[in-house]
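Novice: return atomic coordinates for the entry below.
(one chain, ligands or ions: 2)
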Amino acid sequence: MHLTVLQRIKISFAPMLILDGKVASAAVKAELTQQTATLLAAGKRAPHLAAILVGTNGASETYVASKVKNCEETGFRSSLIRFDENIEESVLLQKIAQLNTDPSVDGILVQLPLPKQIREQKVIEAIAPSKDVDGFHPISVGKLVQGLPTFVPATPYGIMLLLEHFRIETKGKHAVVIGRSNIVGRPMSILLSSNLPQGNCTVTICHSHTPDIKAVCAGADILVAALGKPGFVTADMIKPGAVVIDVGITRVADPTAKKGFRIKGDVAYEQAAEKTSAITPVPGGVGLMTIAGLLKNTMQAYLTTHN
Ligand SMILES: NC(=O)C1=CN([C@@H]2O[C@H](COP(=O)(O)OP(=O)(O)OC[C@H]3O[C@@H](n4cnc5c(N)ncnc54)[C@H](OP(=O)(O)O)[C@@H]3O)[C@@H](O)[C@H]2O)C=CC1
Ligand SMILES: Nc1nc(=O)c2c([nH]1)NC[C@@H]1CN(c3ccc(C(=O)N[C@@H](CCC(=O)O)C(=O)O)cc3)C=[N+]21
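Specialist: Residues are numbered from 1 along each chain as shown. Ligands and ions are numbered 1, 2, ... in the order given. The predicted model follows:
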């Protein structure tokens, strides 16, 4: 059934809320910009993020460029270190070792995915945990699981910040996370089940072996889709009034679009939105919060070594 916006407002308790990543990330960035200005006024240096990009993957280029731009907007220093697609693993590990001991660098990020000849796990474990602003190092993950202060992976961290910004009540709710990757689904499930203000959910985590995933999702008060299958979540999988967080970012060819592609989320937005109480748009939702989470981690890395 297709309803106009006005009809929807009339039949629901409250109008559907768009969880706008532009608005929430701007609030996070404004706070960080203020903090940086205070540091500079006190004669201290700005936080410094070093981002490493291997090869010329189009999407990775876009994300890293955006991270660097956001650093600049916040008054942070950033260094973009580029390597050829064919570099040897040892060269990358050597660079990381150098950044680990460079006192002018607070955070180190190696953009994933990496080319085949490089073992991702080796790279993740080479980063000093004190500079691990992606939160992918096993020490960071272990602390997260134990509920200890640490760097939280930027995407789930950004989602927690988004929920906080829009004052979404999570306590006692049933959250379903689709996807169990180390960078999104798994840490997301840990945060939602933690006793943080935006946690205290009962969490179900789904993956490619989950039977009857539609029914599981339809039981969710909070549904996080992070599987990378455009339009996977359809209206029949949504409990009326649910909060839906769409993490998916897939480039789908579209000759009518300016760049020749369009970005699609994991949720069939139009049909889903009619049933939700709140939903994130793609683009303009979780992606922007990921960058906000990364910037917050970089400030935290700076403060722990400068205070
Ligand atoms: N907005 C942002 O800031 C970010 C967006 N992303 C996007 O989020 C999406 C997920 O990323 P990422 O976690 O890295 O992806 P991965 O490919 O690493 O993980 C996908 C997960 O989804 C599960 N999955 C795949 N197909 C199905 C299915 N049909 N039913 C149930 N589960 C399924 C997989 O299960 P199994 O483990 O069994 O294979 C896996 O656990 C991508 O679109 C990515 O581009 C990623 C990072 C940041
Ligand atoms: N070491 C590492 N850390 C990461 O955090 C990491 C990574 N590797 N590899 C890839 C994923 C993906 N990711 C995104 C970041 C920003 C947007 C983003 O800014 N999205 C905007 C724009 C989207 C666009 O125009 O492409 C939006 O959704 O509105 C999206 C996705 C970080 N990741």
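
Novice: close to ligand 2, is stretch 229-243?
Specialist: No. Stretch 229-243 does not reach ligand 2 (Cβ under 6 Å from any ligand atom); its nearest approach is 13.4 Å. No exception for glycine: its C-beta is placed from N, CA and C like everyone else's.

Novice: alpha carbons of the helix or strand containing Leu99, as PDB, please.
Specialist: Under the criterion DSSP states H and E, the helix or strand holding Leu99 is helix 89-101. The C-alpha atoms that make up helix 89-101 are tabulated as PDB, following Å, rounded to 0.1, in the frame of the first residue of the first chain:
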ATOM      1  CA  GLU A  89      53.600  -6.600   2.800                       C
ATOM      2  CA  SER A  90      56.900  -5.800   4.500                       C
ATOM      3  CA  VAL A  91      57.000  -2.300   3.100                       C
ATOM      4  CA  LEU A  92      53.600  -1.600   4.600                       C
ATOM      5  CA  LEU A  93      54.500  -3.100   7.900                       C
ATOM      6  CA  GLN A  94      57.700  -1.000   8.000                       C
ATOM      7  CA  LYS A  95      55.700   2.200   7.400                       C
ATOM      8  CA  ILE A  96      53.300   1.200  10.200                       C
ATOM      9  CA  ALA A  97      56.200   0.600  12.600                       C
ATOM     10  CA  GLN A  98      57.600   4.000  11.800                       C
ATOM     11  CA  LEU A  99      54.200   5.700  12.400                       C
ATOM     12  CA  ASN A 100      53.900   3.800  15.700                       C
ATOM     13  CA  THR A 101      57.000   5.500  17.100                       C
END
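
Novice: give the buried residues for it.
Specialist: Buried positions in helix 89-101, judged by neighbour count with 16 or more other Cβ atoms under 10 Å: 92-93, 95-96, 99.

Novice: counting by contacts, list what that helix packs against.
Specialist: On a contact count with 3 or more Cβ pairs under 8 Å, 6 or more residues apart in numbering; DSSP states H and E, helix 89-101 meets strand 48-54, strand 77-83, strand 107-110, helix 120-126.

Novice: tell me the angle it makes with strand 77-83.
Specialist: Going by axes from the mean of the first three to the mean of the last three Cα atoms, to 10 degrees, helix 89-101 is angled at 170 degrees with respect to strand 77-83.

Novice: please list the residues outside helix 89-101 that contact it.
Specialist: The set of residues external to helix 89-101 that reach it, using Cβ atoms under 8 Å, 6 or more residues apart in numbering, is 50, 52, 54, 81, 83, 105, 108, 110, 117-119, 122-123, 126-128, 131.

Novice: quote the end-to-end distance of stretch 69-84.
Specialist: Using Cα to Cα, to the nearest Å, the span of stretch 69-84 from its first residue to its last is 22 Å.

Novice: before we move on, what about stretch 163-172?
Specialist: Stretch 163-172 end-to-end distance (Cα to Cα) = 15 Å.

Novice: name the nearest residue to the residue most central in space within the chain, sequence neighbours excluded.
Specialist: Ranked by distance to the mean C-alpha position of the chain (Cα atoms, centre = their mean), the top residue is Thr155 at 1.4 Å. In this structure, Thr155 finds its nearest non-sequential neighbour in Thr290, 4.6 Å apart by Cβ to Cβ, 6 or more residues apart in numbering.

Novice: give me the contact list for stretch 251-266.
Specialist: When contacts are taken as Cβ under 8 Å, 6+ apart, the neighbours of stretch 251-266 outside the stretch itself are 58-59, 178, 225-233, 246-250, 280-283, 285.
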